[in-house]
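K.L.:
sequence and computational prediction follow.
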Amino acid sequence: MVSLIPLFLTGFMVLRYFNEAYQSKVDQHLKELVHKHSQQIDLFLKDRLGDIRTLARSSSYYLLSDQEYLSYRLKLLREEYGNVFVDLGLVDDQGIQKDYAGPFSLIGADYSKSERFGPAFSNEHFVSDVFLGLRGEPHFIITVRQNRLDKFWILRASVDFQAFTALVEGIRIGRTGFACLINKKGEFQTLLSQESRFDREPFLEFINNRPAGENDRVVRHRSPSGQDYLLAMAP
């Protein structure tokens, strides 16, 4: 007993500290990974917004009112970025889409009462949440507002939901790891398999109660199915 008890105590302490050090290392790795990818997603959105801002500022209202010109600009964007951009639309200050280039019949569409489109009327530029909209398919929009005499007009672009989901899903760790985006209401902004869904409480707590200066967090969470997860989150 004199020889074994110190041996067991030493072994227990070594195992405990090794486990704590290992968990800390894993948590730090996840934080760094999610933080870097959140920056990549922000950069993607910033670059796509820059594309639409450049188009809006370099083209007049009358040029964008030309169906052939708008279709040509959409063609150039799709050649440069693949299928990231779905369509382009020119919206007047009454919320009516005066011209449109894309696969849907949306000329004359009225956005004046659209809750998702509303911020586009009062902001110089705007990136929406994912929504179904008039086309009935998930997408999100990027808008740029420009002044014209005593009125204004808005250039609107839709971003392909599948292409954006693929960008986020590229963040994977191991066999069961997955990534998703969630908005401030706790709504998933990318596709998730059924087995990957669990309650939104950890995300909402991070979104609503995040201390100033906290840019990432790792928590341990058990899903309703009883599966334990490590959740790494970054804004």
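P.N.:
That came through, no problem.
K.L.:
center of this protein, which residue is that?
P.N.:
Residue closest to the average C-alpha location in the chain (Cα atoms, centre = their mean): Leu181, at 5.5 Å.
K.L.:
for that residue, which non-adjacent residue is spatially closest?
P.N.:
Gln189 (4.0 Å; Cβ to Cβ, 6 or more residues apart in numbering). All C-beta atoms are positioned from the backbone trio N, CA, C, and that covers glycine.
K.L.:
if I pick that neighbour, what's in contact with it?
P.N.:
Neighbour list for Gln189: 129-130, 140, 180-183 [criterion: Cβ atoms under 8 Å, 6 or more residues apart in numbering].
K.L.:
report the lowest-confidence entry in those residues.
P.N.:
Lowest pLDDT of the contacts of Gln189: Cys180, 83.
K.L.:
burial measure for the residue nearest to it when sequence neighbours are not counted, as a count.
P.N.:
Leaving aside its sequence neighbours, Cys180 sits nearest to Thr190 (Cβ to Cβ, 6+ apart; 5.0 Å). Counted by other Cβ atoms under 10 Å, the residues lying close to Thr190 total 19.
K.L.:
where do the strands of this protein begin and end?
P.N.:
With DSSP state E, the ranges of strands along the chain come out as 85-92, 97-101, 125-127, 139-148, 151-160, 217-222, 228-233.
K.L.:
ranking the ones you listed by burial, who's on top?
P.N.:
strand 85-92 (a mean of 22; mean count of other Cβ atoms under 10 Å).
K.L.:
pull up the pairing partners for that strand, direction included.
P.N.:
Strand 85-92 has these partner strands in its sheet, going by DSSP bridges: strand 97-101 (antiparallel), strand 151-160 (antiparallel).
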